[in-house]
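K.L.:
Sequence unavailable; structure follows:
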């Protein structure tokens, strides 16, 4: 499978995608739009890694006057099938989540699984999370984890892919959360 190459997921207001892209260019410079659909933009940064891009955006953005709602880093774009994602996450979790750290899994969208007949169907969210979590030998903390295993299923040109990141919760930038956490 030839996965699209993007390393940021940007959510915005409906019909404000172009304005959000202009803001991204202003904040981080090199931005290549891989895919755009209503309220969602998949971007590859060309001048910095996605984590540095999020830090740069956080320093510049005014949450009162922005078209950007959330910015999420992407470590890898991968197969949308539960077993494939699980195997990849298990390996990445051993590298990214220290033994003394806690984690939680956030899954947006539905991963796929194969039936006995070989047909691809949507897996239930709880089933997917439980399946992935079972082989991550770290403690779970749903309220204040050290790391988030973030998985979002996105469609690019009609084909589903999973976007995966394992990061500190602070790297999931939410302008709405910024408004409640700080005085602007």
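P.N.:
It's in. Here the structure is a predicted model, which means the values were calculated and not measured.

K.L.:
Wait, residue 113 touches residue 124, no?
P.N.:
No. If you go by C-beta atoms under 8 Å, residue 113 and residue 124 don't touch, sitting 9.3 Å apart. To be clear about C-beta, it is placed using only N, CA and C from the backbone, and glycine gets the same treatment.

K.L.:
More neighbours: which of those two?
P.N.:
Neighbours were counted for residue 113 and for residue 124 using other C-beta atoms under 10 Å; residue 113 has more, 18 against 12.

K.L.:
partners of the residue nearest to residue 81 when sequence neighbours are not counted in the sheet?
P.N.:
Of all residues not flanking residue 81 in the chain, residue 112 sits nearest, at 5.1 Å (C-beta to C-beta, 6 or more residues apart in numbering). On the basis of DSSP bridges, residue 112 is bridged to residue 81, residue 122.

K.L.:
where does the protein dip in pLDDT?
P.N.:
The chain contains residues with pLDDT under 70 at 1, 183-184.

K.L.:
Three-state assignment for the spatially most central residue of it, please.
P.N.:
The residue lying closest to the centre of the chain (C-alpha atoms, centre = their mean) is residue 72, at 4.6 Å. Look at residue 72: counting by DSSP: H, G, I helix; E, B strand; the rest coil, its state is strand.

K.L.:
who does the closest residue to it other than its chain neighbours bridge with?
P.N.:
For residue 72, ignoring the flanking residues on the chain, the nearest one in space by C-beta to C-beta, 6+ apart is residue 9 at 4.4 Å. According to DSSP bridges, the partner residues bridging residue 9 are residue 42, residue 72.

K.L.:
quick one: contacts for residue 9?
P.N.:
Neighbour list for residue 9: 40-43, 70-72, 74, 152, 154, 163 [criterion: C-beta atoms under 8 Å, 6 or more residues apart in numbering].

K.L.:
which one of the residues you listed is nearest residue 181?
P.N.:
Closest approach to residue 181 among those (C-beta to C-beta): residue 70, at 14.2 Å.
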